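**Student:** I would like the atomic coordinates for the input below:
(one chain, ligands or ions: 2)
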Amino acid sequence: MTNLLVVNTSQLVTLAGPPRPRVGAELRDIGLIVQGAMLIMNGRIAGVGTRAEIEPSTKDAELVDAGGRLVTPGFVDAHTHLVFAGNRADEFEKRCAGVTYQEIAAQGGGIRSTVRKTRAATEDQLFEAATRHARWFLQGGTTTIEAKSGYGLTTADELKILRVIRRVGETTPLRTVPTFLGAHEIPDEYAGRADDYVSLAVEEMLPQVAEGKLADFCDIFCEAKVFNLDQARRVLSAAKSHGLGLRMHADQFTFFGASDLAAELGAKTCDHLEQTRPASISLLKTAGVQPVLLPGSVYAIGSHKYPDARAMIEAGLAVVLATDFNPGSSPTTSMRTVMSLACTQMKMTPAEALTSATVNAAYSLNRGDEIGSLEIGKVADFVIHDAEDYRELPYFFGDHQAASVYVSGQPVVAT
Ligand code: NIG
Ligand code: FE
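**Tutor:** Ligands and ions are numbered 1, 2, ... in the order given. Reported below is the predicted structural model:
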């Protein structure tokens, strides 16, 4: 493996800090080295500092000239629905005409329409679609994603999706962390029998997912007209007994205590939280649950109620930002767009947004010792941006690609 010496950066933003997710003022401390340099040996970071500090310990390293540009860790996207067939541009058009996301779901569209298409697709067809999405993530500077199943809703189709997630991680440069989301929606054939579907998920799906080591985490969409608190408790408790970590779609449209359940069960993350109230934020803090905020989904469904990121940061929560990439509520793979929304709509600072999109996200996936910051010993997943200053990442919004992306010290995107 070639050793690399990255030089001529404008800013090397390391995100170095304590070996745990960052809270409070730590979110604004991004470990910025002006004109920093970085040594990479055997795909891992072997030195970080100024060029003068690092060069003496460098043997046989190839120079990577960053061209006076910004270098950061690769983005870590801790909430995506990577694998699905087709898209829902037709529903988007209806939403533009005033029909709501929930009305479309109640009419049999929404998640269930993607389920019908995903069931009809072969594993290879889904892999092809997911590979296309993986390329989008990498081109935007994302090097690791969490990816959920949830558009199969039969045992065979959920396992099919989880195998595709694993295959994307094995055959493309994008790292994937799989999550079982069998309880994403009540499938058409179980209409009015949600408890029976939960039994299927608990008794048939989860044991096979665990047996095949197909997921690190289990998630559920806990929401009015989808899964209630009792059903969520059943699914998540069973997942825990199989050794899976817990994540939860909670408080997205309706507040009825879903985030409190995440705290009670010791979930790793609680995601969405648009409707969450102050008392629940305290419970999440006490239980050490990381909030994963998804402003892209608020924006794309045309809502104005963003999660209260400032209250969560004040309360000491280790905030994470993610895209929620999916064909309905959040059709974007862009972490920069998400950071931009976090700054403009949730009043996070650019530094807080960057920490939430990298190192905090890595810890929420139990990968904080390997990725998320540019520190000695971690894998060399980094991005050379077409920018000079980290504040440009959320400031320029819309169409942007990373200049170069490296995974384990190997170039995977070059423009
Ligand atoms: O996180 N809320 C549930 N799941 C997704 C939406 C999935 C879809 O619309 O297809 C979300 O917003
Ligand atoms: Fe989601």
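**Student:** C-alpha from now on. contacts and neighbour counts both.
**Tutor:** OK.
**Student:** Can you tell me the element T114 falls in?
**Tutor:** Using DSSP states H and E, T114 sits in helix 111-120.
**Student:** And the contacts of that helix?
**Tutor:** Residues outside helix 111-120 that contact it (CA atoms under 8 Å, 6 or more residues apart in numbering): 84-88, 105, 126, 150-153, 157, 185, 187-188, 327-328.
**Student:** Stretch 295-304: how far from the chain's middle?
**Tutor:** The chain centre lies 16 Å from the centre of stretch 295-304; the measure is CA atoms, centre = their mean, to the nearest Å.
**Student:** Likewise for stretch 197-216?
**Tutor:** Mean C-alpha position of stretch 197-216 versus that of the full chain (CA atoms, centre = their mean) differs by 22 Å.
**Student:** With only the CA atoms kept, save it in PDB.
**Tutor:** Extracted in PDB, the C-alpha atoms of stretch 197-216 (Å, rounded to 0.1, in the frame of the first residue of the first chain):
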ATOM      1  CA  TYR A 197     -47.200  -8.400  11.700                       C
ATOM      2  CA  VAL A 198     -45.200  -7.500  14.800                       C
ATOM      3  CA  SER A 199     -45.300 -11.200  15.800                       C
ATOM      4  CA  LEU A 200     -43.900 -12.000  12.300                       C
ATOM      5  CA  ALA A 201     -41.100  -9.500  12.800                       C
ATOM      6  CA  VAL A 202     -40.300 -10.700  16.300                       C
ATOM      7  CA  GLU A 203     -40.700 -14.500  15.800                       C
ATOM      8  CA  GLU A 204     -39.500 -15.000  12.300                       C
ATOM      9  CA  MET A 205     -37.600 -12.100  10.900                       C
ATOM     10  CA  LEU A 206     -35.400 -11.000  13.900                       C
ATOM     11  CA  PRO A 207     -34.100 -14.500  14.600                       C
ATOM     12  CA  GLN A 208     -33.000 -14.900  11.000                       C
ATOM     13  CA  VAL A 209     -31.500 -11.400  10.800                       C
ATOM     14  CA  ALA A 210     -29.500 -12.200  14.000                       C
ATOM     15  CA  GLU A 211     -28.500 -15.700  12.900                       C
ATOM     16  CA  GLY A 212     -27.200 -14.400   9.500                       C
ATOM     17  CA  LYS A 213     -25.500 -11.400  11.300                       C
ATOM     18  CA  LEU A 214     -27.200  -9.200   8.800                       C
ATOM     19  CA  ALA A 215     -27.700  -6.200  11.000                       C
ATOM     20  CA  ASP A 216     -26.000  -4.200  13.700                       C
END
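**Student:** What residues sit buried inside it?
**Tutor:** Along stretch 197-216, these residues count as buried under the neighbour rule (16 or more other CA atoms under 10 Å): 197-198, 200-202, 205-206, 208-210, 214-216.
**Student:** Out of the contacts of helix 111-120, name the ones that lie in helices.
**Tutor:** Members of those lying in helices (criterion: DSSP state H): A105, L126, D157.
**Student:** For ligand 1, state which of those is nearest.
**Tutor:** Nearest to ligand 1 among these is A105, at 8.4 Å by CA to the nearest ligand atom.
**Student:** burial measure for the closest residue to ligand 1 within the stretch 101-250 of the chain, as a count.
**Tutor:** Taking CA to the nearest ligand atom as the measure, the stretch 101-250 of the chain has I111 as its residue closest to ligand 1, at 4.2 Å. Counted by other CA atoms under 10 Å, the residues lying close to I111 total 21.
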